[in-house]
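Undergrad: Okay, predicted coordinates and the sequence, questions at the end:
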Amino acid sequence: MGRAPAHTPVLRDEVVEMLCRPGRKALMDCTVGGGGHAEALLEAADQDAVLLGLDVDQASLLEAKENLRRFGSRARLFRANFSLLPEVLAEASVAAADAILADLGLASTQLDDPGRGFGFAADGPLDMRMDDRLTRTAGDLVNTLGQKELADLIYAYGEERYSRRIAAAIIVARKAGPIRTTTELARIVAGAMPPAVRRGRRGVHPATRTFQALRIAVNDEMACLDGLLERLPGCLSAGGRAAIISFHSLEDRRVKQAFARLAEQGRARLLTKKPVAPSRQEQDRNPRSRSAKLRGIEMTSTSRQ
């Protein structure tokens, strides 16, 4: 047995119920992380089913390799962005997948590691790269973008109404020297907020949306998600299913619209008219699951475009 993943997979049972059906032999986990969802899918699938696991985070792949070791050759791992689904299928000599999962959230192991710079509970460098092969960090953005560029980025990717105030505060602060750490940036952002807002966001730190925006920009997450959604139908077999878990409105809106277009074209059947949310019990066990939304489709056409 491998080690239990440090990250708790969100909506695990719902994902298995949606994707695992008898006869499905080729599974894909586009964001394999530590292997929590992948383990559940392989346990529930036919004994000769194979799972292809993708991730850009090398540390996550090493964790998945250990946690999925007991499945042997049934679990095959690839360091690749999920927008490269066709290339991974070709490399694995698989014509099409019968089930595809993408969990768009950060793993707890990423969020809780101060050295990655995703959070601000502990001090760490302003990094936020999921893939350490990327050359641009959050610190680069914070310390080099102009005030308007910063404000536009924070508004577009964080949906932060105080983006202009935050950008102005960052510009002022960096005149004294580069902003280097997560806690330093979090203090600057919080200080730019009106006092009533700092007190009134129901336990959510005022810097949360700004950090989300920087992370999305560093990793080009929206473009990668658009690539996944565009190429997903051509990677699924007839009758194949896809499930995507999103964690904020920018992601969920894209997924909802892409799935709706496939349904309108007659190429897919919606498995979720409304997104599936974690139960109250799951939210109590894992508070980070509270914003998760699961949507699914089943391909009804043999067209692979």
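TA: The structure has been received and is ready for your questions.

Undergrad: I'd like to know how many residues surround Ser110.
TA: No Ser there; residue 110 is Gln. 21 (other CB atoms under 10 Å). Where C-beta positions appear, they are placed from N, C-alpha and C, glycine not excepted.

Undergrad: Show me the contact partners of the helix or strand hosting it.
TA: If you go by DSSP states H and E, Gln110 is part of helix 108-111. When contacts are defined by CB atoms under 8 Å, 6 or more residues apart in numbering, helix 108-111 is touched by residues 6-8, 33-34, 57, 59-60, 63, 116, 118-119, 130, 288.

Undergrad: For it, output the C-alpha coordinates as PDB.
TA: Provided in PDB are the C-alpha atoms of helix 108-111 (Å, rounded to 0.1, in the frame of the first residue of the first chain):
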ATOM      1  CA  SER A 108      -3.300  21.000   0.100                       C
ATOM      2  CA  THR A 109       0.300  19.900  -0.100                       C
ATOM      3  CA  GLN A 110       0.900  22.900  -2.500                       C
ATOM      4  CA  LEU A 111      -1.100  25.400  -0.500                       C
END
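
Undergrad: Would you mind giving the domain segments of this structure?
TA: 12-109+222-299, 118-220 (automatic domain parsing).

Undergrad: Contacts only, for the spatially most central residue of the chain.
TA: Nearest residue to the geometric centre of the chain (CA atoms, centre = their mean): Leu104, 2.0 Å. The contact partners of Leu104, taken as CB under 8 Å, 6+ apart, are Thr31, Glu221, Leu225, Ile244, Ile245, Ser246, Phe247, Glu251.

Undergrad: Just among these, which is most surrounded?
TA: Scoring the contacts of Leu104 on neighbours with other CB under 10 Å, the highest-scoring entry is Ile244 at 30 neighbours.

Undergrad: Ala168: neighbour count?
TA: 15.

Undergrad: So for it, what's the pLDDT?
TA: pLDDT for Ala168: 98.

Undergrad: ok, it to Glu230 distance?
TA: Look at Ala168 and Glu230: by CB to CB, to the nearest Å, they are 37 Å apart.

Undergrad: Give me the contact list for stretch 221-231.
TA: Contacts for stretch 221-231 (CB under 8 Å, 6+ apart): 30, 81-83, 85-86, 102, 104, 157, 215-216, 250-251, 254-255, 258.

Undergrad: Show the backbone phi and psi for Ala122.
TA: Backbone torsions of Ala122, given as degrees, to the nearest 10, read phi -130, psi 160.

Undergrad: Let me see the contact set for the residue nearest to it when sequence neighbours are not counted.
TA: Distances taken as CB to CB, 6 or more residues apart in numbering place Pro114 nearest to Ala122, at 4.2 Å, with adjacent residues excluded. The neighbourhood of Pro114, defined by CB under 8 Å, 6+ apart, consists of Ala121, Ala122, Asp123, Gly124, Thr182.

Undergrad: And the strands in the stretch 1-150 of the chain?
TA: According to DSSP state E, counting those that start in this stretch, the stretch 1-150 of the chain carries its strands in the segments 26-29, 50-55, 75-79, 97-103.

Undergrad: sorry, back to before: check the contacts of Pro114 for burial and list the buried ones.
TA: Gly124, Thr182 (16 or more other CB atoms under 10 Å).

Undergrad: Pick the most deeply packed of the strands of the stretch 1-150 of the chain.
TA: For the strands of the stretch 1-150 of the chain, the largest average neighbour count (mean count of other CB atoms under 10 Å) is found in strand 26-29, namely a mean of 29.

Undergrad: got a list of contacts for it?
TA: Counting by CB under 8 Å, 6+ apart, residues outside strand 26-29 touching it are 19, 37-38, 41-42, 45, 49-54, 85, 88-89, 94, 96-103, 235, 237.

Undergrad: Stretch 177-196 now?
TA: When contacts are defined by CB under 8 Å, 6+ apart, stretch 177-196 is touched by residues 114, 117, 119-120, 122-126, 139, 142-143, 162, 165-166, 168-170, 173, 198, 205-207, 210-211.

Undergrad: Tell me where the model's unsure across this protein.
TA: 1-7, 199-203, 301-305 (pLDDT under 70).

Undergrad: Apply 80 and report the result again.
TA: Where the chain drops to pLDDT under 80, the residues are 1-7, 196-203, 301-305.

Undergrad: follow-up on the earlier one: and the furthest pair within the contacts of Leu104?
TA: Glu221 and Ile245 (14.0 Å; CB to CB).

Undergrad: Share the number of residues neighbouring the closest residue to Phe247 other than its chain neighbours, please.
TA: In space, and not counting its chain neighbours, Phe247 is closest to Gly105: 4.5 Å by CB to CB, 6+ apart. Using other CB under 10 Å, Gly105 has 21 other residues around it.
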